[in-house]
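>>> missing the sequence, but the structure's below:
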C-alpha cells in the first residue's frame, strides 16, 4: 500500500542529519515523501565567503537540492523566522503561537492525507528552541488532522555517549564540545521503538548532507556535517546506517525495523470530516 509521509523539520540540513535515510528508503519503496520545514535557517552559522547575507535564500536552495537527492515529492516551507541558538530572535519559530502553527501544519497534513508525521523528541534533540517547538507544533498538528502515526526522530543517547566519552578522555573531541550536555539529549535506548536500517540508501543520505554546503564550516569547532562527510564511504554507511524513532503509543521496549511496522490495528484515521479546516 502506498502511503504519504510528512517529515517536519526546523531548519534546512536537519532532514539530512536525522531522517534522510528513511526518506530515501520510503521513496524507493514507492511511498510519497513530503518535506516540511519551519524556517529557512537564516540564523545558522556559515564560514563560506559571501553567504552571510541572504543566507536563508541560499539554504532554501540547498534544501531543495537535498530533497531532490532524497526523492521527495514536495517541499513546503512554513515561513517562520529562524530563532537562533538562544531562541531570542524576534518573530522566531520558537516563540510562535503553537495553536496557529499547528493549524498551519495540520492543513498540510489534511491536504496530503498524511499517514505518518515525523517530529523530534520532546527535548528537541540537543535542545535547540526551534527543535523543541517542532515537537510541540507537530504533535498538536497530528491531533488536529487525525494523522494516525507520529514518529519522533532522535538518536540513541546511550550509544552516542559510549562513543563520545572515550573520545573526550583521549582529548579527541573539540574543546568546545561539552559531552555532559548529551546526558539529557535525544532519547535513551529504552525509549526508542524504531531502529530503521538505511544502509542501502547511505549514498542518497550522503548526497543530501553534501547539498548543505553552507553548514560545513563556521563557528569555533568542526561542524557535524563536515566531520561526517569526511568519513570514508564504508564507515559512513556503518556509522549512519540506522535511524532512530520513538512512537509514544507503543509500549516501552518495542523494537521495530520499519516506520509502518505495528500499524494501527483498527485502521481508524481519526481525521476531521472532508471539507473541514483544522483550527488552532
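Sure, I can see it. Bear in mind the structure is a predicted one, so any value in this text is a computation, not a measurement.
>>> where do the strands sit along the stretch 51-200 of the chain?
Remark: strands assigned in the stretch 51-200 of the chain by DSSP state E, counting those that start in this stretch are 74-80, 116-120, 149-154, 194-197.
>>> looking at these, which is closest to residue 101?
Residue 101 lies closest, by CB to CB, to one member of those: strand 74-80, at 7.2 Å. Yep, even glycine has a C-beta here, placed from its N, CA and C like the rest.
>>> And that closest one, what does it pack against?
With contacts defined as 3 or more CB pairs under 8 Å, 6 or more residues apart in numbering; DSSP states H and E, strand 74-80 has these neighbours: strand 32-39, helix 55-70, helix 98-112.
>>> Would you list the phi and psi of residue 6?
Per-residue torsions, residue 6: phi -110, psi 120 (degrees, to the nearest 10).
>>> Now do residue 86: how many residues are near it, please.
Other residues within reach of residue 86, judged by other CB atoms under 10 Å, total 11.
>>> pretty sure residue 42 contacts residue 56?
Yes: here residue 42 lies in contact with residue 56, judged by CB atoms under 8 Å, at a distance of 3.4 Å.
>>> coming back round to it: looking at the strands of the stretch 51-200 of the chain, which one is packed in the most?
The highest mean neighbour count among these, using mean count of other CB atoms under 10 Å, belongs to strand 116-120: a mean of 27.
>>> Check the offset of that one from the chain's centre.
Taking CA atoms, centre = their mean, to the nearest Å, one finds strand 116-120 lying 8 Å from the centre of the chain it belongs to.
>>> how far off strand 32-39 does it point, in degrees?
Put simply, strand 116-120 runs at 30 degrees to strand 32-39, going by axes from the mean of the first three to the mean of the last three CA atoms, to 10 degrees.
>>> quick one: strands adjacent to strand 116-120?
According to DSSP bridges, strand 116-120 forms sheet pairs with strand 4-9 (parallel), strand 149-154 (parallel).
>>> what's the offset of the last one from the middle of its chain?
The reference is to strand 149-154. On CA atoms, centre = their mean, the centre of strand 149-154 falls 9 Å from the chain's centre.
>>> Overlap of the contact sets of residue 42 and residue 56?
Taking CB atoms under 8 Å, 6 or more residues apart in numbering as the contact rule, residue 42 and residue 56 both touch residue 82.
>>> packing partners for the helix or strand of the chain with the lowest mean pLDDT?
Ranked by mean pLDDT, DSSP states H and E, the helix or strand of the chain with the weakest confidence is helix 224-229, at a mean of 86. When contacts are defined as 3+ CB pairs under 8 Å, 6+ apart, helix 224-229 sits against helix 14-18, helix 202-210, helix 233-239.
>>> Pick the most buried one from the helices and strands packed on strand 74-80.
It is strand 32-39: most buried of the helices and strands packed on strand 74-80 by mean count of other CB under 10 Å, with a mean of 25.
>>> ok, back up a step: any idea which of the helices and strands packed on helix 224-229 gets closest to residue 114?
helix 14-18 (16.0 Å).
>>> downstream neighbour of the closest one in the secondary structure list?
Under the assignment DSSP states H and E, the closest C-terminal helix or strand after helix 14-18 is helix 20-28.
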